[in-house]
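Participant: sequence unavailable; structure follows:
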């Protein structure tokens, strides 16, 4: 089944702390794993993405860790800031040659970073 | 990256009426997608719209309720027909070009009273 399970549903972190959001998938055909950030009243925006040929990808304060054997991936936000307060969605899709597969989204994590 | 403009950004509608949401992209894209996001929930794909062909609807969504037009490679509309309060939601337009990431519009917040 094409599901992506995300946890926790909500997260409160102190400013400067590390925020960690976890996702797990079932479909081994997934080969693209993006994370989206959504602020209230806005559409989701791509934050960072990874393909399963690497175990980690870092962009600034944001890091994706990927465990192919466990079918799990996570987002780490280092030095969390109040401006990071948003809802985060993990997602997954597969890319068959010559076609497109829809993106399957996780259930979302509402992050609040308190000063 | 693609810039997507959605209109209207929000609306309050009477039950039984219809609303058409417009999605304009600043570049030509092969595939456009319409999502629904209920308050505090994840994104649910309504349909995929390719230019020159019928939209493909996901399970639970039908053309009579959510007719879609895709007249060219930069524009699409989604109509929410015969609305009920259960249709109150955020409707999002998204585009993707095969291997590139998905880009979203800012959404249309619909309230049905």
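Facilitator: Sure, I can see it. What you see is a predicted model, and the numbers here were worked out from it, not measured in a lab.
Participant: secondary structure element for whichever residue of chain A sits closest to chain B, which one?
Facilitator: Closest contact between chain A and chain B, by Cβ to the nearest Cβ, is at residue A:43 (3.3 Å). C-beta: built from backbone N, CA, C; applies to glycine. Per DSSP states H and E: residue A:43 is located in neither a helix nor a strand.
Participant: distance of it relative to residue B:95?
Facilitator: For residue A:43, the distance to residue B:95 equals 11 Å [Cβ to Cβ, to the nearest Å].
Participant: got any residues that touch both of those two?
Facilitator: Residues touching both residue A:43 and residue B:95 by Cβ atoms under 8 Å, 6 or more residues apart in numbering or on different chains: residue B:4.
Participant: in terms of neighbours, single out the busier of those two.
Facilitator: residue B:95 (27 against 23; other Cβ atoms under 10 Å in any protein chain shown).
Participant: surely the more buried one is in a strand?
Facilitator: Yes: using DSSP: H, G, I helix; E, B strand; the rest coil, the assignment for residue B:95 is a strand.
Participant: all strands for the chain, in order.
Facilitator: Picked chain A for this. In chain A, the segments counted as strands under DSSP state E are A:4-7, A:10-14, A:19-25, A:33-38, A:45-50, A:56-59, A:62-67, A:72-77, A:86-92, A:104-105, A:109-114.
Participant: you answered for a different chain; I wanted chain B.
Facilitator: Here chain B has its strands, by DSSP E, at B:4-7, B:10-13, B:19-25, B:31-37, B:43-50, B:56-57, B:68-72, B:75-80, B:89-96, B:103-104, B:108-112.
Participant: redo the ones you listed as TSV? Include distance to residue A:10.
Facilitator: Below are these laid out as TSV (distance: least, Cβ to Cβ, whole Å):
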stretch	distance to residue A:10
strand B:4-7	27
strand B:10-13	25
strand B:19-25	29
strand B:31-37	17
strand B:43-50	18
strand B:56-57	32
strand B:68-72	34
strand B:75-80	29
strand B:89-96	19
strand B:103-104	22
strand B:108-112	22
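Participant: so which of those is nearest chain A?
Facilitator: That would be strand B:103-104 among the strands of chain B, by Cβ to the nearest Cβ, at 3.3 Å.
Participant: relative to that closest one, what are the paired strands and their orientations?
Facilitator: According to DSSP bridges, strand B:103-104 forms sheet pairs with strand B:89-96 (antiparallel).
Participant: contacts for the partner strand, please.
Facilitator: With Cβ under 8 Å, 6+ apart as the test, strand B:89-96 has contacts from A:43-44, A:100, A:103, B:2, B:4, B:6, B:21, B:23, B:25, B:29, B:31-39, B:43, B:46, B:76, B:78, B:80, B:102-105, B:107-110.
Participant: from those residues, which would you call buried?
Facilitator: Neighbour-count burial (16 or more other Cβ atoms under 10 Å in any protein chain shown) applied to those gives A:43-44, A:100, A:103, B:2, B:4, B:6, B:21, B:23, B:25, B:29, B:31-37, B:43, B:46, B:76, B:78, B:80, B:102-105, B:107-110.
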